[in-house]
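Visitor: Sequence below, structure please.
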Amino acid sequence: MKLTPSELQVIHHYLQDKPVVKAYVFGSYAHDEADTQSDLDLLVELDYSQPIGLQFVGMKLDLEEQLNKAVDLVSTHGLSPRISPFIDQDKKLIYEREVR
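Guide: Numbering: from 1, shown residues only. Modelled structure (predicted):
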């Protein structure tokens, strides 16, 4: 199972006014191996020039509600150096903020 065009549209629309520079899918959705029980693994590159605070947790919860599925939201800044190479091999870009 892949992300549907409507799910991608929800993600794009939601992230437009958030401090997210890029978003990547990784894990089962990146390999088209997801099923109805799979969570959506998202890696986000954040813009730390804007205050973030608890907004990161809110983003996870909002996306879960809007997509009606569990979301594992991970920041590139908080990614373990041991795991990073595996995710970097796996990740697929699904959102990039437009330069204004």
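
Visitor: From residue 33, how far off is residue 75?
Guide: Separation of residue 75 from residue 33 (C-beta to C-beta, to the nearest Å): 24 Å. Every residue, glycine included, has its C-beta placed from N, CA and C.

Visitor: Would you mind telling me which of the two has the busier surroundings?
Guide: Neighbours were counted for residue 75 and for residue 33 using other C-beta atoms under 10 Å; residue 75 has more, 15 against 11.

Visitor: If the residue nearest the centre of the chain is in a bridge, with which residues?
Guide: The C-alpha lying nearest the average C-alpha coordinate of the chain belongs to residue 42 (C-alpha atoms, centre = their mean; 2.8 Å). Beta-bridge partners for residue 42, by DSSP bridges, are residue 25, residue 73.

Visitor: Isn't it up against residue 63?
Guide: Yes - the criterion here is C-beta atoms under 8 Å, and residue 42 meets it with residue 63 at 7.4 Å.

Visitor: Need the residues that contact stretch 1-10.
Guide: If you take C-beta atoms under 8 Å, 6 or more residues apart in numbering as the criterion, stretch 1-10 is touched by 11, 25, 29, 32-36, 38, 40, 66-67, 94.

Visitor: Wasn't residue 22 part of a strand?
Guide: Yes - counting by DSSP: H, G, I helix; E, B strand; the rest coil, residue 22 falls inside a strand.

Visitor: For burial, what's the neighbour tally of it?
Guide: 17.
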